[in-house]
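Novice: Provided below for reference: sequence and predicted model.
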Amino acid sequence: MPKKTAGEPARVLVADTLEDVGLRLLDEGGLSVTVDVGRGEDELASMLCDYDALIVRSATKVTARMLSETERLKLIARAGVGVDNVDVDAASRKGIVVMNTPWGNITSAAEHAIALMAALARQIPDAHASMRAGKWDKKRFMGVELAGKVLGVIGMGKVGQIVARAAKGLGMRVMVYDPFLPERRARELDVSPADLDTVLAQSDFLTIHTPLTEKTRGLINRETLARMKPTARLINCARGGIVDEAALVQALRDGKIAGAALDVFEKEPLPPDSPLRSAPNIILTPHLGASTVEAQLKVAEQIARQVVAFFREGKIINAVNVSVTLTPEMEPFADLARILGRFLSQLLDAPPSHVTCQARGKLAGEDIQALTVSALQGLLMNWHDEAVNMVNAPYVAQERGIVVTEEKTPESPNYSSLLRLEVETPAGVHSVAGTVFEGRQSRLVEVDGFEMDMRPNGLMLVLFYPDRPGMVGRFGTILGDANINIAGMDVGRKEKRGRACICLSVDDPVPPEVLERIRECTGPGGEAHLVEM
């Protein structure tokens, strides 16, 4: 497969229409941009082998089949909020970052929900159609006021909050269902949190603003629709699939609810023969939530800046499949975790089966998920035939049946913060520990229980041997005879004349025959490992 050569600008394929402002920013960022809209799955599968990034909107469906052939693609950028048109799981398994623009069209989406709610309340589309037909059916189109009504909001993210504020301004009482909304934030927004059944039962209007997940798919179904008032009206500007469309059509026909307005659908474009098109008391719009001049400009500019930052600065912004975040304080420990994983991987004689990441001291008070993922990334680099990064490291571990455990303990006698990594294999157990000194300098302080104090960099020889007089000198002589300079050294042992460990930093590569001489020198049960950091 083609690879990007050193000095070559990252190649970006724009597969859906993107506003000129975005294309200009990509070009100004030094990226090589190709706009090719309307390609099918097979065509894109072949094309992506030549690109580092793919930018899409909602039209292009990014499938596992499309990603199966590319080894070059590093980034999928969705110019918009929803990523249900991207197989995020398939991308993650290949280590491809998937990012979106969660804030670019939130105002437009919220305003569209409010517009649909008002249109439902006053039957505006039907009244307009009647007028266009030359009629004057004033008595037919009796509406209801929004003031004084209860608006139920499912999902209080950015869009839901804007809708709630607008509804409060219209004199509505707002009830919300969002298990992740803190009580403090609910008080600030002046909304009433409740469970789903209560929101369904008390809402005069119900609007949905939650992502499509396995938990929300089919959330509004025959059973939940039956819990709503017969005078209630439903609005969905979030994602198709949250509402069971067949159940909604039946509820409208049976008069179980008074009306509905949908901007999103299970299948888009909505098929011409969809029962929704003939259902009574319904308003349908063709996914217009983000279709404003302002929203299009915002998402194009935002996604372009994110893509440029990814390739120019190494920044990952608004990624939906990077589950870990790093504070500035934790960044050096993530680097340490990656170093420890890489160090340990080169001591193993068999693939890892169980990995334990342990934080001690002050570090135990932090969320160490990012450290665990960083450690996996370093550890698996030598045990996986594809690139391993922060995106796919947990997937690679899972696929290989590796059990991953995190432990925390406040006790750390010698260091304020200590990170320890232990790996179990069918051949045995190895461990390594380190800390971070002032100036963000990583230090190796333990190898298989032997205390050390080494800076892990360059080439290192890690030797396990019986602690007898003259052993260190013999190692030095072998290296000296091979004209290999020792740059640093530390020896650890647990008892006199027992087993010892020495770490040697060397300035020059160690040929296999020299390493074999050193290995023979360690004697029965000894070990010699060349570690490249």
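Specialist: On my side now, so go ahead. What you are looking at is a predicted structure, and each value in this text was computed from that prediction instead of being measured.
Novice: Low-confidence regions, the chain specifically.
Specialist: 1-7, 323-326, 383-387, 439 (pLDDT under 70).
Novice: Need the three-state assignment for the residue nearest the centre of it.
Specialist: In the chain, the centroid-proximal residue (Cα atoms, centre = their mean) is Asn321; its distance is 1.9 Å. Taken by DSSP: H, G, I helix; E, B strand; the rest coil, the conformation at Asn321 corresponds to coil.
Novice: That one contacts Gly95, correct?
Specialist: No. The criterion here is Cβ atoms under 8 Å, and Asn321 misses it with Gly95 at 9.8 Å. Backbone N, C-alpha and C define where each C-beta goes, glycine included.
Novice: Quick check: neighbours shared by the two?
Specialist: Jointly contacting Asn321 and Gly95 under the rule Cβ atoms under 8 Å, 6 or more residues apart in numbering are Val391.
Novice: In contact with the residue nearest to the centre of the chain, which residues are there?
Specialist: With contact set as Cβ under 8 Å, 6+ apart, Asn321 has these partners: 88, 91-92, 97-98, 391.
Novice: would you list those residues in a markdown table and tack on distance to Leu421 and secondary structure?
Specialist: Converted to a markdown table, these look like this (distance: Cβ to Cβ, whole Å; DSSP: H, G, I helix; E, B strand; the rest coil):
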| residue | distance to Leu421 | secondary structure |
| --- | --- | --- |
| Val88 | 28 | helix |
| Ala91 | 28 | helix |
| Ser92 | 23 | helix |
| Val97 | 25 | strand |
| Val98 | 28 | strand |
| Val391 | 20 | coil |
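Novice: for these, which one is nearest Ser345?
Specialist: Nearest to Ser345, judged by Cβ to Cβ, of these is Val391 at 18.9 Å.
Novice: To what extent is that closest one buried, counted in neighbours?
Specialist: 26 (other Cβ atoms under 10 Å).
Novice: what does the one 5 residues further on give?
Specialist: By other Cβ under 10 Å, the residues close to Val396 number 21.
Novice: what about it, which helix or strand?
Specialist: With elements delineated by DSSP states H and E, Val396 resides in helix 393-399, which encompasses its position.
Novice: Each with direction, which strands does the helix or strand just after that helix pair with?
Specialist: Once the chain leaves helix 393-399, the next helix or strand it forms, by DSSP H and E, is strand 403-409. Sheet pairing for strand 403-409, assigned by DSSP bridges, gives strand 354-361 (parallel).
Novice: Which elements pack onto the helix or strand that the strand it pairs with is followed by?
Specialist: Going down the chain from strand 354-361, the next helix or strand is helix 369-380, by DSSP H and E. In terms of contacts (3 or more Cβ pairs under 8 Å, 6 or more residues apart in numbering; DSSP states H and E), helix 369-380 is packed against helix 331-345, strand 354-361, helix 393-399, strand 403-409, strand 417-425.
Novice: Please name whichever of these is nearest to Cys237.
Specialist: Comparing the helices and strands packed on helix 369-380 by Cβ to Cβ, helix 393-399 comes nearest, at 32.6 Å.
Novice: got the buried residues for the closest one?
Specialist: 393-397 (16 or more other Cβ atoms under 10 Å).
Novice: from the contacts of Asn321, which is closest to Gly143?
Specialist: Within those, proximity to Gly143 (Cβ to Cβ) peaks at Val88, which comes in at 41.9 Å.
Novice: Spit out the contact partners of that closest one.
Specialist: Contacts of Val88 (Cβ under 8 Å, 6+ apart): 98, 320-321.
Novice: Also Leu248?
Specialist: 220, 225, 234, 260, 276, 279.
Novice: now do Ile257
Specialist: By Cβ under 8 Å, 6+ apart, Ile257 lies in contact with 225, 228-234, 251.
Novice: Skip the chain neighbours and tell me the closest residue to Ser441.
Specialist: That one is not Ser; residue 441 is Gln. Arg455 (6.9 Å; Cβ to Cβ, 6 or more residues apart in numbering).
Novice: Next, count neighbours for the one you found.
Specialist: For Arg455, the neighbour count with other Cβ under 10 Å is 16.
Novice: for the one 5 residues further on, same thing?
Specialist: Residues within reach of Met460, counting by other Cβ under 10 Å, total 23.
Novice: if I pick it, what's in contact with it?
Specialist: Counted by Cβ under 8 Å, 6+ apart, Met460 has contacts 343, 454, 503-506, 530-533.
Novice: Let me know the closest of those to Ala300.
Specialist: Minimum distance to Ala300 across these is 42.1 Å, recorded for Met533 (Cβ to Cβ).
Novice: From what I see, that closest one and Pro456 are in contact.
Specialist: Yes. The pair Met533 / Pro456 is scored as a contact, 5.1 Å apart, by Cβ under 8 Å.
Novice: okay, these two: which has more neighbours?
Specialist: More crowded of Met533 and Pro456, by other Cβ under 10 Å: Pro456, with 20 against 16.
Novice: ok, now which ones touch the more buried one?
Specialist: Pro456 neighbours (Cβ under 8 Å, 6+ apart): 339, 343, 434, 442-444, 533.
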